[in-house]
Structure formats: structure tokens, C-alpha cells
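[1] what's the 3D shape of this:
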Amino acid sequence: MPAVSSLRLHLIAKPAAAALCLGLAGACTSLGGAGPSTGAIRSAQEDGQTYAEGAIKVLPLSTDVVAGLASFEKAASFAELFGDSGVSATVIAPGDQIDIAIWEAPPAVLFGAVPGDQQLGGNADVAANTPIPRQQVDESGMIAIPFVGRIKVLGMRPEQVESLIVGRLRRRANDPQAVVRLVANETRTATILGEVGASRQIGLSARGERLLDALAVAGGTKQPIEQSTVQLARGTQRAVMPLEKVINDPLQNVRLRPGDVVTVQHQPFSFVALGAVQRNAEVPFEGNGITLAEALGRAGGLNDRRADVKGVFVFRLEDRAALPALAGPDVQATADGRVPVVYTLRMTDAASLFAMQDFRMRDGDVLYISTAPGVELERFLQTISSTAFSIVATGNALNSQ
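    Modelled structure (predicted):
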């Protein structure tokens, strides 16, 4: 009977030992199984790791990095890209309609045959006013005026056309004067579309309509303001900003120019919190943005029993233009022109708490807190202990038979 018991113990203990080996191997490979360890992340750049063929950059979250990112964000704003140089001049373009009136001082030489009812007070001794039939600017930017001929007015302001007409008539008429009025400026328009009450094309007056003026004319946004972005395209330039920022910062409410295209999009903002935080989840935030400190607060803060205070990381696919000053000129981007970047933070440094308050989270960021090495060792020991106790219990059970 003892021999049989020993055989049974041997046969059962062998798979149990194999399971223990597998368990140990699994425990060894699963250390930090909730995600990469602090050391693995910090060595990603040195090891030459890549994502989508773009080299991963690991940057400590210093004041210089935070200042560089803030400078890039400012440079990509509406105020910096499109400026606001005041009310733009009304210029003439093909398709516009123009009213022209010409005066000649008495005695009228060139326009003296004007009917009396078209003269001021019907008196021949006063200046003669000669209205010209309304002119429409042709495709080449030309109009035709009696005694002046065809003149090119493309890109000119009304007062410039007045000077041009007077200059042409000066040697033929007696002290000529001209008044030019732009009746219909067909090309001075901007387009607004997307998540608005009604997509439309709006006319731009000489006072200079602003971005929010156009949005109001289009009926406002269909979606909540804090979940909307505005894209402004002007020529070859394009920029996107949260609508909430445009509303809160008057400098971003730039004046529109002819040909501008404004697109309002529904864009809920969120980041993902993973690792040793109180709550692993996708966390929404307002379009006006939040800081890293606020992001940690919304995720419930660090898990005191698991978190590595030296292992706070933000994973981001960064715009390549933001990195040359931070990571050097040899930045290797992915196929779509972005750079995989990991911003690192050690909360053991007092300065890190200030950096957290200045670093702005972006939509799609991943906030990851690595597990402390001691916790990984504790898990490893727990795995060994639980497996060993199972073997002992199994052996005791067999011996008691």
C-alpha cells in the first residue's frame, strides 16, 4: 500500500511539478503583465524600438519639453496662422457689379450734352453728373466706360478705380470727378459646413465678419460646444481648434477672408487611463483641454499598492513639427507623418508636480502608470506559494489514503 501511494504521489506530483514550472515561467513572463515595466519603457529608444516604422522617442517631461509643446500649439492656432490685421479692403473680382458716376465742373466740356434733368438743379452752370450704366466685371477683370475705354479693375479697391477714371479723363474733361460703388461682390464669400444648423455660403462685408459670426449665420452647432472642433482652411493652410477654445479666446475668433472654408466637426475628446490607476477606463474631457494633473485626478489617482511613482507615462503620436527642437533633427516619423512619443514623469521629483500642471492632454492620449517592481515580486512569490501549497495539499491527501 505504501508503494502504491508513493507511485500515485509520483504520477500526480509530476504533472503538478510541470504545472509549477509552467506557473513559474508564466509568473516570470507576466511580471508587469498589466503593461510594460518602467525600465522597458525608458529603454525603448535605446533599444531602437519602432511603431509603424517610426522610431519611438522617450522624452522626460521637463519644463523645456512642456514649453516647446506649448509654443508649437500656439504656433498652430488660428491667431498665429491666419492673423488678424484688421478689416480687409474690399477688392473687385470677376462677376462683381459696379455703379459709376462721373462729374465735370462747369463749363462742362466732355459731358456738356447731358440732359438738364440729370444735372444738379437743372442748371448748366453747376457740375454735370453723368451716371454710367451698371458695369459687370468680366472674366478678365475688365469694364468699359465712355471716353475712358476698357480698363482693368481686377484686384482694385473702389477708390483706386475712381483715381484711374479721373486720371484718364483729366486731359479731356473739365476737372472731372468720379464715384465708384461696389454693388454686388459675388466672390467675397466664405463657406461654412459640417455639424451646423444649415451649411451655406455667406457674403463678407467690408466690416470683416469673424469666425463666430459665420457660425451664428449658419445656425450654430448641432452638437455640444465642448464636443465640437472647427477647421479653418485658407488657401494651402489648414488648422483645427476646439470650438470652446475659439469662444474662450477672442484672439482665435479671426476675421474671415474670401474663399475661406469653415468646417465644424463633432469630436468628443477623451484619453485612456491604463495600468496602476484606480480606474482603467476611457475618460472624456472638455474641448478646452485638461492638464496631466487633472487627468490623473479623473482616473482616480495612483493605486497606492501597485503604482510605481517613477513610472508615469503619456503615449502619444505627436506631430513631427513639434519635435525637432525637443528630440533633435533626426526624428523618424510614421507613414502618416507622426512620431510615436512617450513622455515620462517621475513623481518623486517635486518639479514633476509643476510639470503636470502645465502639460496639456490631447484627444487620444494614453496615460499609463507602470506597476512597482516590489508588487511584481510579491505577485511572483504569491504564485510560488499558492502552487507549492497545492502540491503539499495534494501529497497530504494521497498519503492519507
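[2] need the contact list for residue 96.
    136, 137, 182, 183, 184, 185, 186, 187 (CB atoms under 8 Å, 6 or more residues apart in numbering). C-beta: built from backbone N, CA, C; applies to glycine.
[3] for the stretch 301-401 of the chain, what spans make up the helices?
    324-327, 350-358, 373-399 (DSSP state H, counting those that start in this stretch).
[4] so where does the most centrally placed residue in the chain fall, helix or strand?
    Residue closest to the average C-alpha location in the chain (CA atoms, centre = their mean): residue 240, at 3.8 Å. Assigned by DSSP states H and E, residue 240 belongs to strand 237-242.
[5] what about residue 197, neighbour count?
    14 (other CB atoms under 10 Å).
[6] Am I right that it is in contact with residue 220?
    Yes: the pair residue 197 / residue 220 is scored as a contact, 5.5 Å apart, by CB atoms under 8 Å.
[7] got any ranges where the stretch 1-150 of the chain has weak pLDDT?
    For the stretch 1-150 of the chain, the stretches flagged by pLDDT under 70 are 1-34, 84-89, 108-109, 111-128.
[8] all strands of it, in order?
    Along the stretch 1-150 of the chain, the stretches classed as strands by DSSP state E, counting those that start in this stretch are 50-51, 54-55, 57-60, 97-104, 128-136, 142-145, 149-152.
[9] Residue 290 is nearest to which of those strands?
    Of all the strands of the stretch 1-150 of the chain, it is strand 57-60 that lies closest to residue 290, at 20.1 Å by CB to CB.
[10] Enumerate the positions of stretch 359-370 that are buried.
    359, 361, 362, 365, 366, 367, 368, 369, 370 (16 or more other CB atoms under 10 Å).
[11] That one: how far from the chain's middle?
    16 Å (CA atoms, centre = their mean, to the nearest Å).
[12] Kindly report the same for stretch 355-373.
    19 Å.
[13] how long is it from one end to the other?
    End-to-end span of stretch 355-373 (CA to CA, to the nearest Å): 25 Å.
[14] pLDDT of that stretch, averaged?
    Average pLDDT, stretch 355-373: 92.
[15] Kindly report the same for stretch 221-230.
    93.
[16] List the buried residues in it.
    Buried-residue list, stretch 221-230, by 16+ other CB under 10 Å: 221, 223, 226, 227, 228, 229, 230.
[17] separation between the closest residue to the fifth one other than its chain neighbours and residue 226?
    With CB to CB, 6 or more residues apart in numbering as the measure, residue 243 is the residue that lies nearest to residue 228, at 4.3 Å, once sequence neighbours are left out. According to CB to CB, to the nearest Å, residue 243 and residue 226 sit 8 Å apart.
[18] Would you mind listing the residues touching both of these two?
    Common neighbours of residue 243 and residue 226 (criterion: CB under 8 Å, 6+ apart): residue 287.
[19] How about the contacts made by the residue nearest to residue 228?
    Residue 243 sits next to 221, 225, 228, 229, 230, 264, 287 when contact means CB under 8 Å, 6+ apart.
[20] Apply 7 Å and report the result again.
    Neighbouring residues of residue 243 by CB atoms under 7 Å, 6 or more residues apart in numbering: 221, 225, 228, 229, 230, 287.
[21] Which residue ranges of the stretch 251-400 of the chain form strands?
    Taking DSSP E, counting those that start in this stretch, the strands of the stretch 251-400 of the chain run over residues 261-266, 269-275, 281-285, 307-319, 338-345, 366-371.
[22] Now find how far off-centre the shortest one is within its chain.
    In this case it means strand 281-285. 19 Å.
[23] Okay, buried residues for that strand please.
    For strand 281-285, a neighbour-count test (16+ other CB under 10 Å) marks 283, 285 as buried.
[24] could we number from 876 for the rest of this?
    Yes, from this point I'll number from 876; that puts the last item at strand 1156-1160.
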